[in-house]
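A.B. asks: build the 3D model from these lines:
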Amino acid sequence: MRPNRLLLGGAAVVAALSAGAVTASVLQDSPREARPVQDPIGDILRTTPAQPANAPTETAPAAAPAPRTPVAVTPPPSVVIAEDEAVAEKAEEEAASEKPVVEKAIEQPATPARRQRRKFAVIQAIDKTTAETMKFEVEVGGRPVRFNRNLIFSVRACEVSTPDELTEDAIAYVDVSLQSRGANQPAEPRQIYRGWMFASSPAVSGLQNPNYDAWVVGCKN
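C.D. replies: Purely as a prediction, here's the structure:
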């Protein structure tokens with residue numbers, strides 16, 4: 001019986017050791033609880049109170065007491081630059097020798113000259129639709145002239161500027177009418193401009209028409 005007991009005891013010991021090894025392995029594989037890391041330097045800094053640094057103090061200077069009576073301020077002496085007598089005398093001589101500027105009056109003629117009239121006015125017209133342009137003559141007080149079958153020009157006067165005028169120019173008094181020529185009977189002329197035209201300033205002419213434009217070029221005999 002004794003050998004059997006020894007075998008049973010040994011088997012029990014082996015079983016106990018095996019169970020302990022399995023338990024240790026299971027405990028090693030399972031997650032563990034987090035623990036704070038030891039930080040002795042941080043603990044010292046957290047437990048030691050911060051001491052304020054000694055700020056340097058500056059002593060204010062002692063202020064002088066205000067005077068009981070007003071203090072008179074003496075202005076600095078003015079500096080006078082002495083001018084050389086020779087320079088002053090020379091300047092006076094130059095001023096005396098200078099002749100006064102005499103403004104020359106613009107000579108005006110006693111009687112203004114009259115503009116010379118011419119017999120023909122030279123006019124240039126353009127058709128804005130077809131780009132047709134033409135320069136032609138119109139007799140003063142004579143027969144009207146038709147341009148492009150629709151535009152009619154009549155001239156009442158044509159003058160040239162006088163020599164005493166600032167700008168050399170030609171001026172004409174023009175009547176411009178528009179007459180549409182139909183297949184059966186032409187319509188009545190419709191006046192679209194009457195007035196003076198200036199050769200030096202074509203833009204001054206007041207002819208306003210979407211299809212035509214005209215201006216005076218000059219006057220001739």
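A.B. asks: low-confidence regions, this protein specifically.
C.D. replies: By pLDDT under 70, the weakly predicted segments of the chain are 1-43, 46, 48-58, 60-61, 63, 79-84, 102, 104-110, 182-184.
A.B. asks: state the distance from R115 to G141.
C.D. replies: Relative to G141, R115 is positioned 17 Å away (C-beta to C-beta, to the nearest Å). Yep, even glycine has a C-beta here, placed from its N, CA and C like the rest.
A.B. asks: helices of this structure, start to end?
C.D. replies: Under the criterion DSSP state H, helices of the chain are mapped to 2-29, 40-47, 85-97.
A.B. asks: count the neighbours of the nearest residue to A214 once chain neighbours are set aside for me.
C.D. replies: Distances taken as C-beta to C-beta, 6 or more residues apart in numbering place A125 nearest to A214, at 4.0 Å, with adjacent residues excluded. A125 sits with 20 neighbouring residues when counted by other C-beta atoms under 10 Å.
A.B. asks: what do you get for T129?
C.D. replies: 10.
A.B. asks: please verify my assumption that it contacts N211.
C.D. replies: Yes: in this structure, T129 is within contact of N211 by C-beta atoms under 8 Å, at 5.6 Å.
A.B. asks: re earlier: which residues does the residue nearest to A214 contact?
C.D. replies: Going by C-beta atoms under 8 Å, 6 or more residues apart in numbering, A125 touches T133, M134, F136, F147, N148, L151, F153, Y212, D213, A214.
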